[in-house]
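>>> okay, here's the prediction I keep looking at, along with the sequence it came from:
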Protein chains: 2
Amino acid sequence: MKLYDFGPAANAQRVRVFLAEKGLEVPTEQLNVREDAQFAEPFTSMNPFHCVPFLALDDGTVIAESMSICRYLEELHPEPVLFGRTAEERAVIDMWMRRFELDGFIPLLHAMRNHVPTFAGRVVPGTRTDLPQLPAMVTRGKEMMEIFLGRIEAHMARNEFVAGPAFSVADITGFFTLRLATALQMDIGVIAPAVAAWFARVSARPAFQL
Amino acid sequence: MKLYDFGPAANAQRVRVFLAEKGLEVPTEQLNVREDAQFAEPFTSMNPFHCVPFLALDDGTVIAESMSICRYLEELHPEPVLFGRTAEERAVIDMWMRRFELDGFIPLLHAMRNHVPTFAGRVVPGTRTDLPQLPAMVTRGKEMMEIFLGRIEAHMARNEFVAGPAFSVADITGFFTLRLATALQMDIGVIAPAVAAWFARVSARPAFQL
């Protein structure tokens, strides 16, 4: 198998942190998506969604989507377990991963793409379009994140990690959500101190030294 | 276990279609989220995200998030398999489920919530807020869906179902994505005829008669 990666891309970094937590190494090739390498062949046929990361298997199957790649690698290399040991643990971890992703990470990713000059002409991931950057997407993304922080603060005050007592893949998505929030100048320590404390704990782990 | 459901809610319907495809019955209680039942106890403590559906297990654990509920029920009742039989199948199905969800379903869900009068004061799922409905969220949601349809048209012309030859949970997410697009007056038959043909096939299945 081979992993197609790009150093600065947040979703590619999610997979790299996962690999580091698992102690796995996968043959990797860098695709410079800022220079549009993903639009050239064979990459555009391998992943018509033009995003990194994606994982090409030896039989030609391509698995895109960071979390789908992580799920696949967890099945091949179960230990250390990051998606849960029982059906119930797996469901709870998946729920928290989705909450962070849908209510925080994705709205903030769109906020960032509609805000930072680097992403002008690339507001939709994997596209080169003339769609304008919309300030409303930035406003709404931050508003959604603030609501989300209010909802999880009490939970994070009671739990060492996102899905409970054990570190899981939900903490990885959580970390990247909080990193986007701080990049967008949201003051997490003021809005949600328990979330900020958890973020500091996770950020100190060796696998998160990006 | 008990499933908390609300008839007209799209995410609750995703779980109901899944149950029908699996041939499963789960004890169910209706929570009228349009009348704010989810903000009263014990429901607000059970799910502080104030959304349906959620599944309460006998040990008190609550699993929210439609796809996390479906994953859990698939583990308890594997047949018929809707999340894939092998690690590779599961990864490909998960990838397609995520593509539909992140590039279509979620942007269109926000488009709908920022467009329809019913959702004024509820633009963020599970909230009662004074955040305004933003027309830009409607525009961008439809633009993202149009890009997504362009990306999947060739794939859908070659495949009977979203993730290949077999019906899967990705078709369920796909169906609700297309249903939102048609509700927002997007003319799928013109933009992406192969996608429209697949949508008609899936819509005819007994489990999808909502």
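Yep, that arrived. On a predicted model such as this, the values are computed, not experimentally measured, just so you know.

>>> where do the strands of chain A begin and end?
Ranges of strands within chain A are A:2-5, A:28-30, A:54-56, A:62-64, based on DSSP state E.

>>> chain B is nearest to which of those strands?
Taking CB to the nearest CB, strand A:62-64 is the member of the strands of chain A nearest to chain B, at 4.6 Å. From N, CA and C alone the C-beta is placed, and that goes for glycine too.

>>> and that closest one, how far out from the chain middle?
Averaged C-alpha coordinates place strand A:62-64 at 16 Å from its chain's average position (CA atoms, centre = their mean, to the nearest Å).

>>> swap in stretch A:174-192?
Centre-to-centre, stretch A:174-192 and its host chain are 14 Å apart (CA atoms, centre = their mean).

>>> what is the end-to-end distance of it?
Taking CA to CA, to the nearest Å as the measure, stretch A:174-192 stretches 14 Å from start to finish.

>>> and the strands of chain A as CSV, adding mean pLDDT?
As requested, the strands of chain A are exported to CSV (pLDDT from 0 to 100):
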stretch, mean pLDDT
strand A:2-5, 98
strand A:28-30, 97
strand A:54-56, 98
strand A:62-64, 98
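
>>> so which of the ones you listed is nearest B:Glu101?
Closest approach to B:Glu101 among those (CB to CB): strand A:62-64, 13.5 Å.

>>> need the contact list for A:Arg98.
By CB atoms under 8 Å, 6 or more residues apart in numbering or on different chains, A:Arg98 lies in contact with B:65, B:67-68.

>>> and chain A, which of those residues reach it?
B:65, B:67-68 (CB under 8 Å from any CB of the partner chain).

>>> by neighbour count, which of those wins?
B:Glu65 (27 neighbours; other CB atoms under 10 Å in any protein chain shown).

>>> from A:Ile93, how far out is that one?
Counting by CB to CB, to the nearest Å, the gap from B:Glu65 to A:Ile93 is 11 Å.

>>> can you check A:Phe175 too?
Taken as CB to CB, the span from A:Phe175 to A:Ile93 is 15 Å.

>>> and whichever helix in chain A runs longest, average pLDDT?
Assignment by DSSP state H gives helix A:135-158 as the longest helix of chain A. If you average the pLDDT over helix A:135-158, you get 97.

>>> so where is chain A shaky, pLDDT-wise?
For chain A, no stretch has pLDDT under 70.

>>> which stretches of it form helices?
Counting by DSSP H, the helices of chain A are A:10-22, A:43-46, A:66-76, A:87-100, A:106-113, A:135-158, A:169-183, A:188-191, A:193-203.

>>> what about those, which gets the closest to B:Leu73?
Of all the helices of chain A, helix A:87-100 comes closest under CB to CB, at 9.1 Å.

>>> direction-wise, compare the closest one with helix A:135-158 and give the angle.
140 degrees (axes from the mean of the first three to the mean of the last three CA atoms, to 10 degrees).

>>> starting at the chain centroid, how far to helix A:87-100?
On CA atoms, centre = their mean, the centre of helix A:87-100 falls 15 Å from that of its chain.

>>> likewise stretch A:63-78?
Using CA atoms, centre = their mean, the offset of stretch A:63-78 from its chain centre is 13 Å.

>>> please save the CA atoms from that stretch in CSV.
Output in CSV follows, covering the C-alpha atoms of stretch A:63-78 (Å, rounded to 0.1, in the frame of the first residue of the first chain):
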residue,chain,number,x,y,z
ILE,A,63,-9.4,4.6,0.1
ALA,A,64,-9.8,8.3,0.5
GLU,A,65,-11.2,10.1,3.6
SER,A,66,-8.9,10.3,6.6
MET,A,67,-11.2,8.5,9.0
SER,A,68,-11.9,5.7,6.5
ILE,A,69,-8.1,5.2,6.1
CYS,A,70,-7.7,5.1,9.9
ARG,A,71,-10.6,2.6,10.3
TYR,A,72,-9.0,0.3,7.7
LEU,A,73,-5.5,0.5,9.3
GLU,A,74,-7.1,-0.3,12.7
GLU,A,75,-8.6,-3.4,11.3
LEU,A,76,-5.2,-4.6,10.0
HIS,A,77,-3.4,-3.6,13.1
PRO,A,78,-5.8,-3.6,16.1
